[in-house]
Every structure is written in structure tokens, then in C-alpha cells.
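Student: mind looking at a prediction? Sequence and model below.
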Amino acid sequence: MSAGPSVSVGAPQAAPTTLRPMREADLDAVIAIETRAYAFPWNIGIFRDCINACYPSWLLVQDDIIIGYGIISVAAGEAHILNICIDPEAQGHGHGRRLLRALIRIARNQRAARIFLEVRPSNPRAIALYFDEGFNEIGRRPRYYPANMGREDAIVMAIELLPDA
């Protein structure tokens with residue numbers, strides 16, 4: 001007696017993601033994610049200024065839907081991740097890691113020797129990701145971020161990039 005065709009009962013595979021440059025036409029979708037993800041979001045003008053300044057600004061897209069974005073400034077052999085965000089509904093699936101690695105590649109391709117970023121101490125998932133990807137804490141910026149009860153410090157992190165790695 002034949003058992004018949006096998007059927008997979010696991011979770012469905014998520015659609016693949018792609019990276020593409022951010023354009024001004026994307027800003028409404030970006031702002032929607034930013035306001036879902038942060039209590040103190042960037043405004044549309046800040047994103048527009050980053051695009052106009054030609055900062056590498058990338059989107060992570062899945063099924064033609066923007067699920068994340070990252071913006072990095074690269075100059076004088078150093079890079080600074082200005083913003084990296086995954087839509088809260090899409091978090092926990094490795095998208096932040098993929099986007100972070102893409103920003104690191106961009107910095108390396110533009111010959112940056114190190115990358116800096118700031119992160120809130122109240123964001124342990126992001127801190128863990130950055131440590132896991134090789135960033136180290138190098139300092140603090142007192143009262144850097146707005147917070148519900150005043151201001152919150154920033155943890156300053158950095159990674160040294162090896163040439164041709």
C-alpha cells in the first residue's frame with residue numbers, strides 16, 4: 001500500500017527580501033514604519049535631507065512592501081549608521097542582521113576603516129545584534145535621546161573594518 005505524496009506541515013517559507021535605494025517617493029512608507037517603531041521618530045524632513053545629501057539610504061523590501069531601511073554616512077575613512085529600522089511586524093526574522101550587514105558592506109566598499117553608531121540602552125535586542133556582529137561599546141553620549149521622562153543616554157558602538165574582508 002502506497003503512503004501517497006508527502007505533505008510539508010512546517011511553517012510557510014517567508015518571501016525573499018531585496019535591497020534597493022531609498023527614493024523620495026518611498027518616504028511615506030518609511031515614515032509609517034518609523035512612527036510604529038519609535039516613540040520619538042525622525043520626521044520626513046530628516047529623511048529627505050539624508051537623501052538630498054546623498055547618504056547611502058537603503059530599503060529592505062519583501063513582496064514589494066518596505067519592511068526596513070538603513071541610512072549611513074561615509075566620509076574621511078569613517079562611517080556612521082544614522083538610522084536602521086525594521087518594521088515591528090517584521091522583526092525577529094533576521095531582517096535587521098541582513099540590513100546591518102549590507103550597511104557594513106557599503107562602508108567597506110567606500111573604504112571606511114570603522115563604523116560608529118548610537119543605540120539606546122533600553123534597546124537590548126539591537127545591542128545584542130550589534131555585539132554579535134562585532135561592534136564594541138566605546139563610550140556614552142549623556143542625554144542623547146529624547147525619552148518619556150526627559151532624556152536617555154546613548155551607547156556609542158564601533159567596529160573596525162579589515163580591508164578586503
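Tutor: Right, received. Where do you want to start?
Student: switch to C-alpha atoms for all contacts and neighbour counts from now on
Tutor: Will do.
Student: helix, strand or coil for residue 111?
Tutor: When classified by DSSP: H, G, I helix; E, B strand; the rest coil, residue 111 comes out as coil.
Student: residues in contact with it?
Tutor: 77, 163 (Cα atoms under 8 Å, 6 or more residues apart in numbering).
Student: what's the helix or strand for residue 31?
Tutor: Assigned by DSSP states H and E, residue 31 falls within helix 27-37.
Student: what sits up against that helix?
Tutor: If you take Cα under 8 Å, 6+ apart as the criterion, helix 27-37 is touched by 41-44, 47-48, 66-69, 85-88.
Student: give me the subset of those residues lying in helices.
Tutor: When DSSP state H defines the helices, the subset of these inside them is 44, 47, 48.
Student: burial count for the second one?
Tutor: So the one you mean is residue 47. Using other Cα atoms under 10 Å, residue 47 is surrounded by 21 other residues.
Student: now the closest residue to residue 162 other than its chain neighbours: how far from residue 53?
Tutor: Closest residue to residue 162 apart from its sequence neighbours, by Cα to Cα, 6 or more residues apart in numbering: residue 113 at 7.1 Å. Per Cα to Cα, to the nearest Å, residue 113 is found 21 Å from residue 53.
Student: the two - which one has more neighbours?
Tutor: Remark: of residue 113 and residue 53, residue 113 carries more neighbours, 16 against 10, as counted by other Cα under 10 Å.
Student: show me the shaky parts of the chain.
Tutor: Along the chain, the model assigns pLDDT under 70 to residues 1-14, 164-165.
Student: okay, strands next: where are they in it?
Tutor: According to DSSP state E, the chain carries its strands in the segments 17-21, 57-62, 65-75, 78-86, 114-119, 136-147, 150-160.
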